[in-house]
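**Student:** would you be able to build a 3D model of this:
(chains A, B, C and D)
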Number of protein chains: 2
Amino acid sequence: MSDQAAHGAGGAMQDDPDAKFDLKDFLPYLLNISAEVTSSGFADNYKREYGMTRTQWRVLFHLGRYGEMTARDICTRSRTHKTKVSRAVSALEDIRFLKRQRNLDDRRFESLCLTTEGHKAYKTLCGKAGSYDRMLMSQFTPEENAILRRCLRQLANLS
Amino acid sequence: MSDQAAHGAGGAMQDDPDAKFDLKDFLPYLLNISAEVTSSGFADNYKREYGMTRTQWRVLFHLGRYGEMTARDICTRSRTHKTKVSRAVSALEDIRFLKRQRNLDDRRFESLCLTTEGHKAYKTLCGKAGSYDRMLMSQFTPEENAILRRCLRQLANLS
DNA sequence: GGGTATTGGTTGAAAATGTAACTATCAACG
DNA sequence: CGTTGATAGTTACATTTTCAACCAATACCC
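**Tutor:** Numbers count the residues shown, from 1 in each chain, chains lettered A, B, ... in the order given. Model prediction:
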């Protein structure tokens, strides 16, 4: 415990010479915080109205936006673990937002698609997502927005 | 059911005219995925070696980087809910990575600081975080990096 | 064909998180 | 004082997520 005083001894230490970078520059940290802040800001829309969770919203959004696909497709495209998707799919099925259909060629697959209800919810939420996104974007210049999205897509290994 | 066919009818529908924006452009979604990808890429470092969770790492990082502070300070600075911080602090105390000390002026507060062990772990992880961050940065130009971080800090309401 | 590996998807138990109610301390005001 | 209200932090309970094992269908390979 002798070098315990090596930090915070003065009570208000500000910079650690060993620290190569500020915490507020650590990309995973920054990404987590901003993801949390922006997501929970939007979550009210699907949570209050439909009682959906974030993963469920993600599945709904995928099916609504890109049409029929399998659970595995959603996993791959959204980098989401299959158990998360599996449970979200069951929950969406329970509230009649999607239907599953076994593929007859390969009976392991089942293709998922939204019901009318599901698609209606998707459309409503999609509109809100659009304005929420525009609201977020409005604080940046078009160039910043382009760069931001390009960097994020690359970090996420998307497209 | 009439507009059920509005999606996926052709089997490989690509674009919904109602969709104002692509899912891959929705900022909260992009942020979540890239946060998930980059964080879990780094998480092995503290998970395998120290059995720490992401929140615990966040607390450790704050105390290591900025020195002694209260749980509430960490909540505010990292936009993390107090119950999450509370549990992370307990866990870090259990493995002797930090110590609490009641403030005698106002006994509601307790200031937290790392033990020698905790600080050692912090330094080790900080080094790894540095190189991980540089690795992530290396795929972007300096301008892109600057813009990316500035945008993220703003989205996160950080400093 | 028959064994083995792989893949799509599910399930159960453990861990983490969210929410709300709680304790304890202090401050403000009568 | 005593009451009310705020604040730092904890705890209990429900929900969600993670992890590993699992089932069923297909592919591979001898």
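
**Student:** near DNA strand D, which residues of chain A?
**Tutor:** Within chain A, the positions adjacent to DNA strand D are A:Thr53, A:Arg54, A:Thr55, A:His81, A:Thr83, A:Lys84, A:Arg87, A:Ala88, A:Asp105, A:Asp106, A:Arg107, A:Arg108 by C-beta under 7 Å from any atom of the strand. All C-beta spots, glycine's among them, are computed from the backbone N, C-alpha and C.

**Student:** look at A:Lys128 and give its secondary structure.
**Tutor:** Of the three states, A:Lys128 takes helix under DSSP: H, G, I helix; E, B strand; the rest coil.

**Student:** my guess is it contacts A:Asp44, does it?
**Tutor:** No - A:Lys128 is beyond contact range of A:Asp44, at 9.7 Å (criterion: C-beta atoms under 8 Å).

**Student:** next helix or strand past the helix or strand where A:Ser39 lies?
**Tutor:** In the assignment (DSSP states H and E), A:Ser39 maps to helix A:27-50. Remark: after helix A:27-50, the chain's next helix or strand is helix A:54-66, criterion DSSP H and E.

**Student:** packing partners of that next one?
**Tutor:** helix A:27-50, helix A:71-78, helix A:82-94, strand A:98-102, strand A:110-114, helix A:116-137, helix B:27-50 (3 or more C-beta pairs under 8 Å, 6 or more residues apart in numbering or on different chains; DSSP states H and E).

**Student:** run a quick neighbour tally on A:Leu31.
**Tutor:** Other residues near A:Leu31 come to 28 when the count uses other C-beta atoms under 10 Å in any protein chain shown.

**Student:** oh sorry, the question was meant for A:Arg65
**Tutor:** Look at A:Arg65: counted by other C-beta under 10 Å, it has 21 neighbours.

**Student:** so it touches B:Asp25, yeah?
**Tutor:** No - assessed by C-beta under 8 Å, A:Arg65 is found out of contact with B:Asp25, at 10.7 Å.

**Student:** would you list the phi and psi of A:Leu104?
**Tutor:** Main-chain dihedrals, A:Leu104, degrees, to the nearest 10: phi -80, psi -20.

**Student:** against A:Glu110, how distant is it?
**Tutor:** 11 Å (C-beta to C-beta, to the nearest Å).

**Student:** returning to that earlier point: buried residues in the helix holding A:Ser39?
**Tutor:** Within helix A:27-50, the residues scored as buried using 16 or more other C-beta atoms under 10 Å in any protein chain shown are A:27-39, A:42, A:45-46, A:50.

**Student:** swap in stretch A:90-98?
**Tutor:** Across stretch A:90-98, burial judged by 16+ other C-beta under 10 Å covers A:Ala91, A:Leu92, A:Phe97, A:Leu98.

**Student:** dump stretch A:75-92 to PDB, keeping only the CA atoms.
**Tutor:** What follows is stretch A:75-92, C-alpha atoms only, in PDB (Å, rounded to 0.1, in the frame of the first residue of the first chain):
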ATOM      1  CA  CYS A  75     -28.000 -11.700 -36.800                       C
ATOM      2  CA  THR A  76     -25.500 -11.300 -39.500                       C
ATOM      3  CA  ARG A  77     -26.700  -7.900 -40.800                       C
ATOM      4  CA  SER A  78     -27.100  -6.400 -37.300                       C
ATOM      5  CA  ARG A  79     -24.200  -8.100 -35.600                       C
ATOM      6  CA  THR A  80     -26.700  -9.300 -33.000                       C
ATOM      7  CA  HIS A  81     -26.300 -12.600 -31.100                       C
ATOM      8  CA  LYS A  82     -28.700 -15.300 -32.200                       C
ATOM      9  CA  THR A  83     -30.300 -15.900 -28.800                       C
ATOM     10  CA  LYS A  84     -31.100 -12.200 -28.600                       C
ATOM     11  CA  VAL A  85     -32.800 -12.300 -32.000                       C
ATOM     12  CA  SER A  86     -34.500 -15.600 -31.300                       C
ATOM     13  CA  ARG A  87     -36.200 -14.200 -28.200                       C
ATOM     14  CA  ALA A  88     -37.100 -10.900 -29.900                       C
ATOM     15  CA  VAL A  89     -38.700 -12.900 -32.700                       C
ATOM     16  CA  SER A  90     -40.700 -14.900 -30.300                       C
ATOM     17  CA  ALA A  91     -41.900 -11.800 -28.500                       C
ATOM     18  CA  LEU A  92     -42.800 -10.100 -31.800                       C
END
